[in-house]
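Participant: The sequence isn't on hand, but the structure is:
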């Protein structure tokens with residue numbers, strides 16, 4: 001009886017090997033800090049790290065990554081992008097930090113035109129934390145989509161907590177949407193997002 005029980009507890013080597021192979025193939029899918037969907041095919045986050053690569057590859061299947069950081073892109077991220085055919089769009093801008101540093105509107109305008117080109121989708125937008133610079137870009141997009149200011153600022157504050165910046169909210173409020181919408185060829189590749197079907201109407205607020 002005991003010998004029969006002991007033999008039943010002996011692990012099948014083939015079965016053990018199969019489990020080990022499954023474990024080695026398993027990759028934990030960890031999204032980057034502050035990750036969220038903005039619209040269909042458009043996402044936001046903090047700076048992606050190595051532990052996030054499997055998530056970017058398997059869950060998002062990105063065409064491009066748009067970064068707002070000024071620094072050179074890390075080698076590991078560059079190699080990951082090349083390996084998976086992901087285009088890097090770098091529009092480096094400084095953050096709004098009183099009293100002497102402001103986000104340049106030109107940089108946000110250029111970045112927003114890339115965001116509004118569906119040929120770049122699926123796309124991930126990021127800065128370092130996915131809070132302030134990313135928040136300014138997303139807030140400017142929402143303004144183009146004709147969101148109410150209360151909704152724009154609610155979204156900005158939700159992602160920039162616990163340190164929302166009044167200068168960021170002022171930037172969004174004063175952002176000139178006509179600098180984006182006056183582009184003659186813009187409508188040819190617009191994504192199918194709410195509010196963009198009216199993009200050539202006037203006036204914007």
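Facilitator: On my side now, so go ahead. All figures in this text were calculated on a predicted structure; none of them were measured in a lab.
Participant: Can you tell me the closest non-neighbouring residue to residue 127?
Facilitator: residue 133 (3.9 Å; C-beta to C-beta, 6 or more residues apart in numbering). To be clear about C-beta, it is placed using only N, CA and C from the backbone, and glycine gets the same treatment.
Participant: Mind listing what's buried along stretch 63-75?
Facilitator: Neighbour counts using 16 or more other C-beta atoms under 10 Å place 63-69 of stretch 63-75 among the buried residues.
Participant: For residue 125, state which of those is nearest.
Facilitator: Nearest to residue 125 among those is residue 66, at 4.9 Å by C-beta to C-beta.
Participant: measure residue 193 to residue 159 for me?
Facilitator: Counting by C-beta to C-beta, to the nearest Å, the gap from residue 193 to residue 159 is 18 Å.
Participant: And for residue 176?
Facilitator: To residue 159, residue 176 is 23 Å away according to C-beta to C-beta.
Participant: More neighbours: the two, which one.
Facilitator: residue 159 (20 against 13; other C-beta atoms under 10 Å).
Participant: quick one: secondary structure of residue 73?
Facilitator: At residue 73 the chain is in coil, as set by DSSP: H, G, I helix; E, B strand; the rest coil.
Participant: mind listing what it touches?
Facilitator: 67, 88, 90 (C-beta atoms under 8 Å, 6 or more residues apart in numbering).
Participant: which one of these is nearest residue 197?
Facilitator: residue 67 (28.9 Å).
Participant: can the contacts of residue 73 go into a markdown table with extra columns for secondary structure and pLDDT?
Facilitator: Shown next, in a markdown table, are the contacts of residue 73 (DSSP: H, G, I helix; E, B strand; the rest coil; pLDDT from 0 to 100):
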| residue | secondary structure | pLDDT |
| --- | --- | --- |
| 67 | strand | 97 |
| 88 | strand | 98 |
| 90 | strand | 96 |
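Participant: Now tabulate those residues in TSV and tack on distance to residue 145.
Facilitator: Below are those laid out as TSV (distance: C-beta to C-beta, whole Å):
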residue	distance to residue 145
67	22
88	25
90	24
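Participant: Where does the spatially most central residue of the chain sit, in terms of helix or strand?
Facilitator: The centroid of the chain falls nearest to residue 44 when counting by C-alpha atoms, centre = their mean (2.5 Å). Using DSSP states H and E, residue 44 falls within strand 42-45.
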